[in-house]
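Participant: attaching a predicted model along with its sequence, questions to come.
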Amino acid sequence: MAPSPEALALMAQVNKKFGPETMIMASQMRNVAPFATGCLPLDIILGGGFPANKWTEIIGFESSGKTTVAHKTIAHQQAKNPDFSTLWIAAEDYDKEWAQRLGVDTDQVVVAEIRAMEEAYEVMLEFAASRAVDAIVLDSYPALIPAEEDAKAMDELTVSVGAKVTNKFYRKAGKATKRSHLTEERAVMGLVINQWREKVGAFSPQGTPKTTPGGLGKNFAYWTRLEVTRAEFLDEATPGKGKSRVGQAMKFKTVKHKSAGPQKTAETHFYWDDSASRGITAGSWDVVRDLMTWGVYHDVIRRRGRYFDLADRTWDTKDAIIDSLRGELDLQDEVAAAVLHAAFNPEEAEAAA
């Protein structure tokens, strides 16, 4: 049922007073696609990818893969759109060689080496509001230093200064990332990399009590908070020469997600070196492993004993279908699209089963 004439008149008055689109009908709001990461299990728990025109926090302990996730997402977006551009706030040094190894076209990345917190936030706000780039990455929050803290001597305390500045940034950031709900505008992905800190002396029944620097207020501003954890290492056997470490298993958990549900988990394998036995090049996810796991789970790939069926094709062994998936990129895309459709449209998948 449409709103009453009185309500429409009031909406028009408010929009005239405070600006267009201050009040609109929810049914008129555009659906803006998320930014896919290129990692199938991660995209599934994120509801398709990192949200557009929102801020996401990527959290983890040291060497868990936080920066790698950001780089791989940018590389995936660049593969779809070569003009995809990024502002990277390098509070920690930007490693160009590592980014390129992960597939990033560094000609499309603007690096700002800024460690002053207020300056970093000002640049992020200006770029977000100007619609000049498609992604903004801060790597990382703990490396920023507020001006008040920087001005004090080492023995002078500056408790919660960074949290106050950060809370102010997020109060202003909503306006900078706001886009029209009615007409198409260039969307932006905001990623902030942060680190877990253990709460010394505290107790948690879930294990080690931990928090993130920057205060609790910022957590309310994030649309999504993603935890990245390193699991076991992956070794490659070389006949007669022992084993070498070539990668790691990475676990993901959506600590918070306002549109895809929180506390969802997934796992993938990442290789920083080549794996000849698996046919995986350095800087890659184990895409085929993910396609097999989730393809079977969502009945996109159907298993019948030793046989595997996919659409109108059949393989008589697991190795056979894995070889096809590794060698046929079109087949990878087909399975990934089918898995994502099944994951986000379970009723259709059940009806087709």
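Facilitator: Happy to help now that I have it. Remember, it's a predicted structure, so these values are computed and weren't measured experimentally. Residues are numbered from 1 along each chain as shown.

Participant: and the closest residue to residue 300 other than its chain neighbours, what does it touch?
Facilitator: Once flanking residues are discounted, residue 300 sits nearest to residue 338: 4.4 Å by CB to CB, 6 or more residues apart in numbering. C-beta here means a position set from N, CA and C on the backbone, and glycine is covered the same way. When contacts are counted by CB atoms under 8 Å, 6 or more residues apart in numbering, residue 338 touches 295, 298, 300.

Participant: in helices, which of these fall?
Facilitator: The helices, defined by DSSP state H, take in residue 295 from the contacts of residue 338.

Participant: need the contacts of residue 338 in JSON lines (columns: neighbour count).
Facilitator: Output for the contacts of residue 338, formatted as JSON lines (neighbours: other CB atoms under 10 Å):
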{"residue": "295", "neighbour count": "24"}
{"residue": "298", "neighbour count": "19"}
{"residue": "300", "neighbour count": "23"}
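
Participant: just give me the closest of the contacts of residue 338 to residue 308.
Facilitator: residue 295 (9.0 Å; CB to CB).

Participant: ok, of the contacts of residue 338, which one's closest to residue 11?
Facilitator: Residue 11 lies nearest to residue 298 out of those, by CB to CB, at 42.5 Å.

Participant: quick one, what contacts the closest one?
Facilitator: 338-339, 342-343, 349.

Participant: in helices, which of these appear?
Facilitator: Counting by DSSP H, these contribute 338-339, 342-343, 349 to helices.

Participant: tell me the bridge partners for the residue nearest to residue 212 when sequence neighbours are not counted.
Facilitator: Leaving aside its chain neighbours, residue 212 sits nearest to residue 194 (4.8 Å; criterion: CB to CB, 6+ apart). Beta bridges link residue 194 to residue 59, judged by DSSP bridges.

Participant: with residue 145 instead?
Facilitator: Following DSSP bridges, residue 145 is listed with bridge partners residue 116.

Participant: and the gap between residue 187 and residue 333?
Facilitator: Between residue 187 and residue 333 the distance is 23 Å, computed by CB to CB, to the nearest Å.

Participant: neighbour count for these two, which is higher?
Facilitator: Of the pair residue 187 and residue 333, residue 187 is the one with more neighbours under other CB atoms under 10 Å, namely 18 against 11.

Participant: which residues touch that one?
Facilitator: Taking CB under 8 Å, 6+ apart, we find residue 187 in contact with 32, 35, 52-53, 134, 179.

Participant: again, only this time at 6 Å
Facilitator: 32, 52-53 (CB atoms under 6 Å, 6 or more residues apart in numbering).

Participant: now it. Nearest residue, chain neighbours left out?
Facilitator: What sits nearest to residue 187 in space, not counting adjacent residues and going by CB to CB, 6+ apart, is residue 52, at 4.0 Å.

Participant: now that neighbour, what's its secondary structure?
Facilitator: Under the three-state scheme (DSSP: H, G, I helix; E, B strand; the rest coil), residue 52 adopts coil.

Participant: in contact with it, which residues?
Facilitator: Residues near residue 52 by CB under 6 Å, 6+ apart: 32, 34, 187.

Participant: repeat the analysis, applying 7 Å as the threshold.
Facilitator: 32-35, 187, 189 (CB atoms under 7 Å, 6 or more residues apart in numbering).

Participant: narrow the residues you listed to those that are buried.
Facilitator: 34-35, 187, 189 (16 or more other CB atoms under 10 Å).
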